[in-house]
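S.K.: Here is my input, please return the structure:
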Amino acid sequence: MPAGDDPASIGPTTQQCRPTSQAKWTPFGYRTECVPDLQYVARYNETRSHALSARRRPARALFLLRRTSLRSNDLTVDENTSAATTKIERRKATARNAEAEQTSRDPHGAAPPFLTHSRAIRPPSRKQRARRLAPAAPTGGLPCVRLPGNASFSTTYPERRRRGRPPPASRVVSETRRVSRRGNPRAGQKEVTMTPPPTRPTAPPTDTSLSSGVSSACYVKALSDADIRARTDSYFNRTREIVTRFGDRAVTYAVFIRRPVLAATAMLEKWLENVARERGIEIIVETVHPEGDWVGAGEPLLYLTGFFSHLTDLETLILQKLGPACVAAHRAYQMALSLPKAQFLAMEARHCAGYEMQELMAYGASVGSRAAQKEGAIGFIGGANDATAAFFGRANGFGTMPHALIGYAGSTVRAAEMFHEVYPDTDLVVLVDYYGREITDGLAVCRRFPELAAAGRLALRLDTHGGRFLEGLDPQESYAVMARHVPEAIRRYRSEGELRYLIGTGVSAAAIWRMREVLDEAGFDKVRIVVSSGFGVTKCASMADASAPIDIVGTGSFIPKLWNETYATADIVTYDGVESVKIGREFLLPSFRRAEAEKKKRS
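M.R.: Model (predicted):
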């Protein structure tokens, strides 16, 4: 009995499907000039139909197989000589003959095994499929798998007769038909949504609805192929052409950053969704960490799976959209936690190199703010302009007057009067450092608007530059102010930078305490103090150490201080499901992540 006639055989042997020396290997078998024995295939389908229905293909490969169809194998048979041929004019006729032969054996369109696997590559087991679907997450949960336009990983396959068997417990079948990327319904198909097994804990998926403003952001709009080709690195364009010529492969990218950050991936995910829809391709995005979670240095933030030719020219743009937002989120989170009782306003626009950068920074600040709010901080309540207000759940930006309005009005009090006359229902925030008389002008404004001061609708903003002290202060007086309110803050060892924030020039802790002291003595204890001018991570921590009486902080200093810290990196970790990465990056491999997760569980 030939080896292929054995019912226990997995698929055609090399005798039934023997490649020539010109054959090309692809993820789905030999690409060309493979000569199948059609009579053997017919016997095989009859004897193994039950096994074929039970042996389902891996879920991750489903979307790949559907897109490649018969053309991935390019099987051609010379009817006269039964020999392999590569003549283009014979391919269409041969494909039709093979399809008709297969349809007569299996009217439901189930592809015979030699179209997807050779005898050397057997279908993966259930454990292997589960591992491929779930690259290890340090949190121990199952990563969220999302496709363009779907809340979870879903794919389609031709409806088969299951001989009365219910679908597996891990699949939920919906009767609604799915519409393809080109808007055409796929007749005779059901939508299959993959859900994790009930016995395995699931990590909460990334919910972009929490990231207000992401869907409407300009930075997530799809680019044309010409724009992508112009903006990506040229060697990625050349790689795409090479891969297209010599045979595509299914790959998985791991994307990471070399410093601790907060996961802020919604902008990138939305952009990939729009690009996939525009190109008519499919990309699997697996988020290792939910939005706002802390991510250690070198830990993967995302796994991206798709065809190599579909992803390689996107790498440059992917890295641009990920690193800066994650670092900004981490800095905003640290600042908000340092001053948990203060409200923050995002004022990043003037420091950004264009609107695209501004959107990334505002989005990062909103992610860091929400993470801090989960720990009890007030965080960022809004931004400085209308365009990015949606990231903070607002329709408009905050702000009252710049220094230029005070110069135009001729006095601080007159500028406040003009603003209040035009915007009587808006809380009044007045800059008091224009003439270098913060205390004098601040008290004058409070006396001019006693009703607003008593109602808590008046605030004085300190924006004293670093070239001078607040009115009435010097180094000795600054020490005296701190000694009266927080003596322990100046009795410990301090670095030069910390001392500058505590008792130095500009908006120091001593200046804030002095302004609060004067207002309380004059009976304006409900007047709030707004501070700005360089309130980054370190300065906010110093203000917290000095218990500075700050009500509102206006800052854009969550923008990364060292831009080289924002550099993200992407490496391919699997080719056709086989792990492979350059030496030194083994920590990105899914198997390594799984091993680390197991160690943490045992410990």
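
S.K.: so what pLDDT did residue 550 get?
M.R.: Here, the pLDDT recorded for residue 550 equals 97.

S.K.: Nearest spatial neighbour of it, chain-adjacent residues omitted?
M.R.: Nearest non-adjacent residue to residue 550, counting by Cβ to Cβ, 6 or more residues apart in numbering: residue 342, 4.8 Å away. The way it works is simple: take the backbone N, C-alpha and C, and place the C-beta from them, glycine included.

S.K.: Please report how far residue 220 lies from residue 541.
M.R.: 33 Å (Cβ to Cβ, to the nearest Å).

S.K.: Ok, residue 561 next?
M.R.: Counting by Cβ to Cβ, the gap from residue 561 to residue 541 is 14 Å.

S.K.: And the two? Which one has more around it.
M.R.: residue 541 (17 against 12; other Cβ atoms under 10 Å).

S.K.: Which residue, other than its chain neighbours, is closest to the more buried one?
M.R.: Nearest non-adjacent residue to residue 541 (Cβ to Cβ, 6+ apart): residue 338, at 4.8 Å.

S.K.: who's in contact with the one you found?
M.R.: 537, 540, 541, 543, 544 (Cβ atoms under 8 Å, 6 or more residues apart in numbering).

S.K.: Could you measure from it over to residue 603?
M.R.: Counting by Cβ to Cβ, the gap from residue 338 to residue 603 is 31 Å.

S.K.: likewise residue 441?
M.R.: 60 Å.

S.K.: what sits up against the helix or strand hosting residue 476?
M.R.: Using DSSP states H and E, residue 476 sits in helix 475-485. Here helix 475-485 makes contact (Cβ under 8 Å, 6+ apart) with 469, 473, 489-490, 502-504, 508-511, 513-514, 517, 546-547.

S.K.: helices and strands around the helix or strand harbouring residue 267, which ones?
M.R.: Remark: residue 267 resides in helix 266-279, with elements defined by DSSP H and E. Secondary-structure packing of helix 266-279 (3 or more Cβ pairs under 8 Å, 6 or more residues apart in numbering; DSSP states H and E): strand 284-287, helix 315-338, helix 355-373.

S.K.: Is it possible to get CSV of those that adds distance to residue 458?
M.R.: As requested, the helices and strands packed on helix 266-279 are exported to CSV (distance: least, Cβ to Cβ, whole Å):
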stretch, distance to residue 458
strand 284-287, 45
helix 315-338, 25
helix 355-373, 25
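
S.K.: Arrange these in TSV, one row each, with distance to residue 301 and mean pLDDT as further columns.
M.R.: Shown next, in TSV, are these (distance: least, Cβ to Cβ, whole Å; pLDDT from 0 to 100):
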stretch	distance to residue 301	mean pLDDT
strand 284-287	7	94
helix 315-338	7	96
helix 355-373	12	96
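
S.K.: For the stretch 151-300 of the chain, which segments count as strands?
M.R.: 154-158, 171-174, 189-194, 250-257, 261-262, 284-287, 294-295, 300-307 (DSSP state E, counting those that start in this stretch).

S.K.: Can you tell me how far residue 329 is from residue 492?
M.R.: Distance from residue 329 to residue 492, by Cβ to Cβ: 31 Å.

S.K.: More neighbours: those two, which one.
M.R.: When residue 329 and residue 492 are compared for neighbours, residue 329 comes out ahead with 28 against 8, by other Cβ under 10 Å.

S.K.: which residues sit in contact with that one?
M.R.: 261, 262, 263, 264, 292, 364, 365, 367, 368, 371.

S.K.: Now the element after the helix or strand containing residue 446, going C-ward?
M.R.: Taking DSSP H and E as the definition, residue 446 sits inside helix 438-448. The element immediately downstream of helix 438-448 (helix or strand, assigned by DSSP H and E) is helix 450-454.

S.K.: helices and strands around the following helix or strand past that next one, which ones?
M.R.: Proceeding N to C from helix 450-454, the next assigned helix or strand is strand 458-462, under DSSP H and E. Here strand 458-462 touches strand 428-431, helix 438-448, helix 509-521, strand 528-531, going by 3+ Cβ pairs under 8 Å, 6+ apart.

S.K.: mind listing what strand 458-462 pairs with, with the direction of each?
M.R.: strand 428-431 (parallel), strand 528-531 (parallel) (DSSP bridges).

S.K.: Which one of those lies nearest to residue 254?
M.R.: strand 528-531 (41.4 Å; Cβ to Cβ).

S.K.: what's the angle from the helix or strand that that closest one is followed by to helix 315-338?
M.R.: Under the assignment DSSP H and E, the closest C-terminal helix or strand after strand 528-531 is helix 537-545. Put simply, helix 537-545 runs at 10 degrees to helix 315-338, going by axes from the mean of the first three to the mean of the last three Cα atoms, to 10 degrees.
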